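Trainee: This is the structure alone, sequence omitted:
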């Protein structure tokens, strides 16, 4: 028995690596996790989840969602003075950039997910998780209504109410069908792990069906017609992955299918990969042509039946139909019903996503934050606040601004309204004095004075530099980390605000506003070729970028388990190819 | 571009390893696989799958099923003179002994399956595969009716007819609920990969549900009550795996559940692991008690509702109920509907499985074979044929048998009726002369003569040694290999029969009858402890058997891909633990 005990001890030590502190944290959490609940009732008769041990001092932070934004928030939260509750129908975080790889079995689904409890367990903050979906946000009573995933009693799925002091909404987005008829029923999406798994088994099913002995060649062709809607990075990567899967693995096992299979990529605009540099777009389009991937740009999907997809050529208005075996819809970002309902409540009904200010707060709501794909930052325009800015800058109330007065508030303006900095940069002006000189002509710097009208004229074009942030993992993760950092230093910054001047009010903002730092973007194109657009418009295409892609994604993976899994699967794919079992 | 081409070439070479002959085979198959089909119709109006290239000389062998028996058959078939068609709703072979490991994520589902096309592609025999389910066997017209898995046209799932010259039925078995009410609707089974995946996500769901903030402690307890029905090797292994999953991984993430979770194993007989040596049963029962697994023997399930399972104590007849969160039903072997229908057609309606003779042929059917779990060998009794045996042995037609006459046919009798050999072995007699002496008393060997009545008396107890083979992977695999070997040498053995004398007919049987060789059996008991019963009643229990288990299963896995996957997952589990994401 001695060997057994030693072995067990070794096994435990290995698992709780890398450091013994991990061991201590684990014990702390398991000790502190034993919480008793009171059975209070909400006005609707629903049970209220309230931990009786939660002392009144601790503020309750409720986080909705375990995607990039939500997970990044809880990962970065270090202030132990909060009582955090995470609510999401998925008890795991998904490393979404590798989802297209899952569709073709290059990587396993399980290798790109990590249980949120494991991510949370490592932390010293008290974070609890409920596997449930929030179906109603009630900002008046500061509580959210949740429904459990599973049926727990005879009355169906358990519903309960969770009160909050701070609410962090990070539920992400849904695919947007633009109300195109038949899309919901007949198309595959590519948002969740389950979607990727379904696509994988459908691809194999299509190949099996096309082999059935009694089909006509026409039917075989239809079944092997794969259509991808949307020429964004996800659609392009999926089309490329599918092409590799077919040409590297499937044609060996289904030799008759070789000449029948066809992949078509539909894109409504004139080019795929719009958001990338033109060189990348051109390379991708050329590569797809070489690979035999049929690229149809300027084609909008108008209808999908169970066997046919109809498109309208945007230029000519001509409608044509094509039979298909599988359609993957990877375009558009839609709103979750709970968010749409919440937006109606707070007067944002006409928007696509929740509007927040630069501090990720939802305007008009107390202590509600929104981040990730379900939110957009409604950047404040300079021209909206121009009078307030002028007034604040004009310290001597003279009705005119001197250069000195302007320069004193310049940093605050640039921080509060980042479009000004961008404007100067794009105009290749080194500082605001050049801008003034530009407008006032060649006058000595000291003698420049501006009245309000002149000030308006100078800044009139600044707001044109404003751009919405893209709905990417990178933005969501940075927002989560930013907000966690704000929460970490809430008290500290209350006393010593570190943000810019409040132009329309008194004092300073507590925090610096959120600023997105673009770290570059990849577009894998198949055949071990990847395009990368790095900061500073540096473009790299080819095998070297593929290796960069491998190393960046391997290093970004959330845990050592997923990292080792994914890397070994990449190696296995290289040696044995991808598996084609229909599971 | 040169680097790219070289790389590609290298990648291909690596994949098509281990030998260049693999490369040639692959090309042969992809070349020869391009088959054209005629669109003949069957009497029912269904399309008949008939390959126009199939010359009339080649016999069509249709194999139903891709389990152990079917796969072993096609793997071992080496005679290129057959036109083989494999039909199964699953396009992959599953390494079933590792299914219990999949239920708790010790091993991934994909790591224990291998596409049948990949297994088949390596062979020089022309083997085609259809992903379809056979729903009717028509022995009169020598054809099977099949239905595709997927809907291929507007009329629903494609149906077609496949004619055969030889039919090999290896569809396996279904779980048997013994018509217990509620089992079908409320219990999980453990037969297919999908079952194991569903069990895994249900276990995690139960833990998540039990954490929900508003449940009562009683409800938490109910949700965390796991019930396993059936104390056979599968049920025991699953209960042990679940216990390990809970105690090694889940309690760390769900610390509140530790004292609430309970695993109960129900077994109708008095002991678990009946088919094993008593020492193993005792060890397993003791270990389960130590682990806190609740073992209820002598308890038969009589009803399962959506929240409660009722059992009857067999001795007292007392019925008691217990609430549960999940039930896994792993007892009983049932018959597939297509087999039940076929059995009715051929007058075997009252049987549990298809009855075959010792050559795996279904009696009364021309050229139909059945193997694996869907069949049992109906061993011929000595007493049924006693007159024929006596007559054949009595060469001089004297009405009595001399020892010499008997000895001349003894080998044939022992081969045809293996129970005789077993009988002698169990009686510790070295040969038949001892048996004769035993009955005749101490007479000189040469002078022994037996009349028919004496002969009957001597052999009267021989048939008591007959035993049905267990429904295991080992039996199925050996049957598949045996039958393939018969097919390989069909023509050769037609000319030079190698089987025993036909006692009821003329000449010799073509082949030796199937003989099962038991190689031992494992019963993993959790906590790195395994019981092994090896041939010769050699029993080994403990950690060493666990390592034997690891190495036997790793070596038996069907391909290098699955082997490497499973081994690396074992290592990963050891280092990182099991994943608990709800997918």
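Mentor: Everything's here; your move. Bear in mind that the values here come from a model prediction, so they are computed numbers and not experimental data. Numbers count the residues shown, from 1 in each chain, chains lettered A, B, ... in the order given.

Trainee: Residue A:334 - how many residues pack around it?
Mentor: Look at residue A:334: counted by other Cβ atoms under 10 Å in any protein chain shown, it has 17 neighbours. To be clear about C-beta, it is placed using only N, CA and C from the backbone, and glycine gets the same treatment.

Trainee: The residue nearest to it when sequence neighbours are not counted and chain B: what is the separation?
Mentor: Excluding the flanking residues, the one nearest residue A:334 by Cβ to Cβ, 6 or more residues apart in numbering or on different chains is residue A:176, at 3.5 Å. Using Cβ to the nearest Cβ, to the nearest Å, one obtains 24 Å as the distance from residue A:176 to chain B.

Trainee: List the contacts of residue A:176.
Mentor: A:331, A:332, A:333, A:334 (Cβ atoms under 8 Å, 6 or more residues apart in numbering or on different chains).

Trainee: What of residue A:549?
Mentor: So, once contact is read as Cβ under 8 Å, 6+ apart, residue A:549 ends up touching A:522, A:524, A:530, A:532.

Trainee: wait, which of those is closest to chain B?
Mentor: residue A:530 (13.3 Å; Cβ to the nearest Cβ).

Trainee: and the helix or strand where the closest one lies, which residues are buried?
Mentor: Assigned by DSSP states H and E, residue A:530 belongs to strand A:529-534. By neighbour count with 16 or more other Cβ atoms under 10 Å in any protein chain shown, strand A:529-534 contains the buried residues A:529, A:530, A:531, A:532, A:533.

Trainee: ok, now stretch A:138-151?
Mentor: A:138, A:139, A:142, A:143, A:144, A:145, A:146, A:147, A:148, A:149, A:150.

Trainee: Which two among those residues are spaced furthest apart?
Mentor: A:139 and A:150 (28.1 Å; Cβ to Cβ).

Trainee: isn't there a helix covering residue A:380?
Mentor: No - counting by DSSP: H, G, I helix; E, B strand; the rest coil, residue A:380 is located in no helix; its state is coil.

Trainee: residues in contact with it?
Mentor: A:357, A:358, A:416, A:417.

Trainee: Go again with 10 Å.
Mentor: Taking Cβ atoms under 10 Å, 6 or more residues apart in numbering or on different chains, we find residue A:380 in contact with A:357, A:358, A:416, A:417, A:419, A:463, A:466, A:503, A:504, A:513.

Trainee: show me where pLDDT drops low in the stretch 301-450 of chain A?
Mentor: A:430, A:439-443 (pLDDT under 70).

Trainee: which residue does it bring closest to chain B?
Mentor: Closest point on the stretch 301-450 of chain A to chain B, by Cβ to the nearest Cβ, is residue A:307, at 7.3 Å.

Trainee: And the longest helix anywhere in chain A, what's buried?
Mentor: Of all the segments assigned as helix in chain A under DSSP state H, the longest by residue count is helix A:193-211. Residues A:193, A:195-197, A:199-200, A:202-211 are the ones in helix A:193-211 that count as buried (16+ other Cβ under 10 Å).

Trainee: can you give me how far it is from the chain middle?
Mentor: Chain-centre distance of helix A:193-211: 26 Å, with Cα atoms, centre = their mean, to the nearest Å.

Trainee: do it and chain B meet?
Mentor: Yes - using Cβ under 10 Å from any Cβ of the partner chain, we find that helix A:193-211 touches chain B at A:193, A:194, A:197, A:202, A:204, A:205, A:206, A:207, A:208, A:209, A:210, A:211.

Trainee: Which residues are in contact with the fourth one?
Mentor: Neighbour list for residue A:202: A:103, A:188, A:209, A:226, A:325, A:326, A:328, A:582, B:150 [criterion: Cβ under 10 Å, 6+ apart].

Trainee: List the buried residues of stretch A:486-501.
Mentor: By 16+ other Cβ under 10 Å, the buried positions in stretch A:486-501 come out as A:486, A:487, A:488, A:489, A:490, A:493, A:497, A:499, A:500, A:501.
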